[in-house]
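1. Just the structure for this:
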Amino acid sequence: MSKSKIIGIIPSRLASSRLPNKPLHKIFGLPLIAHVYLRARQATQLDKLIVATDAPIIVDTIHKLGGEAMLTSDKHQNGTERMGEVMQTHSANFYTLINGDEILLNPDSIAVSIDTLLNSAADASILAVRYKKEHSPSDFKLALNLANEVMYISRNDIPSSARNKVDHRLKAYHLMTFKKETLEAYQQLEKTPLEKIEDHEHLRLLEHGFKIKASMVDDECISLDTPEDIPVIEQLLQNDKVYNSYRVE
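-> Below is the predicted model:
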């Protein structure tokens with residue numbers, strides 16, 4: 001059997017309501033998107049890594065790092081739609097979505113994402129981390145069945161602690177791998193009712209009966225979303241071995 005081709009895609013949109021020009025915001029002298037790219041390119045299972053963006057300045061930023069970037073439409077409503085445009089010109093068996101704000105991305109977890117899908121009968125995979133923070137609608141929580149397949153994704157605290165104690169919840173770590181056929185199908189689907197309520201693009205797959213398999217990892221899953229995240233991220237980066245492999249003095 002021939003080896004499957006796997007392309008990693010980092011969608012990056014310049015506009016951000018909470019942190020203007022977020023992909024270009026510098027942490028320790030490097031733009032956010034540069035951190036994510038430099039970490040992702042350490043993953044050994046990716047045959048190609050592409051930053052997909054709506055901004056020429058982000059393309060230039062990645063090119064200066066010696067990376068590959070593609071200018072895509074500014075009409076896409078989410079990163080998965082942006083991946084679909086890349087797929088039109090870059091053929092592969094599987095595509096890995098790496099969110100452009102995952103500044104603490106663990107390159108080893110990309111392999112976990114890929115292997116989770118390759119070793120299952122699911123249509124896509126997602127990672128999860130144990131999580132105890134409550135009442136944080138910017139963090140998506142997962143509910144899994146006994147086969148570790150995603151049943152639901154919510155901004156609310158699920159499962160609820162209204163009747164019984166919850167030791168921890170599962171936070172969605174948006175490092176996902178899709179079969180080519182799944183990503184193709186997604187591009188043809190309209191927004192679904194629960195997706196519109198929760199504002200989470202992958203509920204579209206669940207509502208149409210697609211299976212998303214989850215694996216647990218023990219990463220510091222803190223993305224850069226607001227100015228308040230910056231000091232926390234800087235503190236974590238100081239002792240981060242991946243950052244130390246590419247840090248700018």
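
2. Check the residue of the chain positioned farthest from its centre and give its pLDDT.
-> Among the C-alpha atoms of the chain, the one most distant from their mean position (C-alpha atoms, centre = their mean) is that of Arg163, at 32.5 Å. At Arg163, the pLDDT value in this model is 96.

3. so is it in a helix, a strand, or just coil?
-> With DSSP: H, G, I helix; E, B strand; the rest coil as the basis, the three-state label of Arg163 is coil.

4. Next up, the contacts around it.
-> Taking C-beta atoms under 8 Å, 6 or more residues apart in numbering as the criterion, Arg163 is in contact with no other residue. Glycine gets a C-beta too; all of them are placed from N, C-alpha and C.

5. Next, find the distance separating it from Lys141.
-> In this structure, Arg163 and Lys141 are 17 Å apart, going by C-beta to C-beta, to the nearest Å.

6. ditto for His90
-> 32 Å.

7. likewise Arg130?
-> Summarising the geometry, the distance separating Arg130 from Lys141, computed by C-beta to C-beta, is 11 Å.

8. Need the residues touching each of these two.
-> Common neighbours of Arg130 and Lys141, counting by C-beta under 8 Å, 6+ apart, are Arg169, Leu170, Lys171.

9. what about Arg130 and Lys141, which has more around it?
-> Counted by other C-beta atoms under 10 Å, Arg130 and Lys141 do not tie: Lys141 has more neighbours, with 21 against 13.

10. Hmm, Asn156 and that one touching each other?
-> Yes: checked against C-beta atoms under 8 Å, the pair Lys141 and Asn156 is within contact range at 7.1 Å.

11. rewinding a little: now, which of the shared contacts of Arg130 and Lys141 sits nearest Tyr37?
-> Sorting the shared contacts of Arg130 and Lys141 by distance to Tyr37 puts Lys171 at the head of the list, at 23.2 Å, by C-beta to C-beta.

12. Show me the shaky parts of the chain.
-> Scanning the chain with the threshold set as pLDDT under 70 gives 1-2, 17, 249.

13. which residues of the protein fall in strands?
-> Counting by DSSP state E, the chain has strands at residues 6-12, 26-27, 30-31, 48-53, 68-71, 94-98, 124-131, 141-144, 150-154, 169-179, 212-216.

14. can you list those strands in TSV and add distance to Arg39?
-> Output for the strands of the chain, formatted as TSV (distance: least, C-beta to C-beta, whole Å):
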stretch	distance to Arg39
strand 6-12	10
strand 26-27	12
strand 30-31	11
strand 48-53	11
strand 68-71	16
strand 94-98	9
strand 124-131	15
strand 141-144	23
strand 150-154	24
strand 169-179	11
strand 212-216	19
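
15. among those strands, which is nearest Arg247?
-> Taking the strands of the chain one by one with C-beta to C-beta, strand 30-31 is closest: 8.3 Å.

16. What's the local residue count around the closest residue to Met83 other than its chain neighbours?
-> For Met83, ignoring the flanking residues on the chain, the nearest one in space by C-beta to C-beta, 6 or more residues apart in numbering is Ile9 at 4.9 Å. The number of residues packed near Ile9 is 31, by other C-beta under 10 Å.

17. what does His135 give?
-> Burial measure for His135: 7 neighbouring residues, criterion other C-beta under 10 Å.

18. next one: the one 3 residues further on
-> Using other C-beta under 10 Å, Ser138 has 10 neighbouring residues.

19. Quick check: closest non-adjacent residue to it.
-> Using C-beta to C-beta, 6+ apart and skipping the chain neighbours, the partner closest in space to Ser138 is Asp225 (5.9 Å).

20. so who does the one you found touch?
-> Arg18, Leu19, Asp101, Ser138.

21. can you give me the helices in this protein?
-> Listed in chain order, the helices of the chain (DSSP state H) span residues 32-40, 56-64, 79-87, 107-118, 180-188, 193-198, 203-207, 229-238, 241-244.
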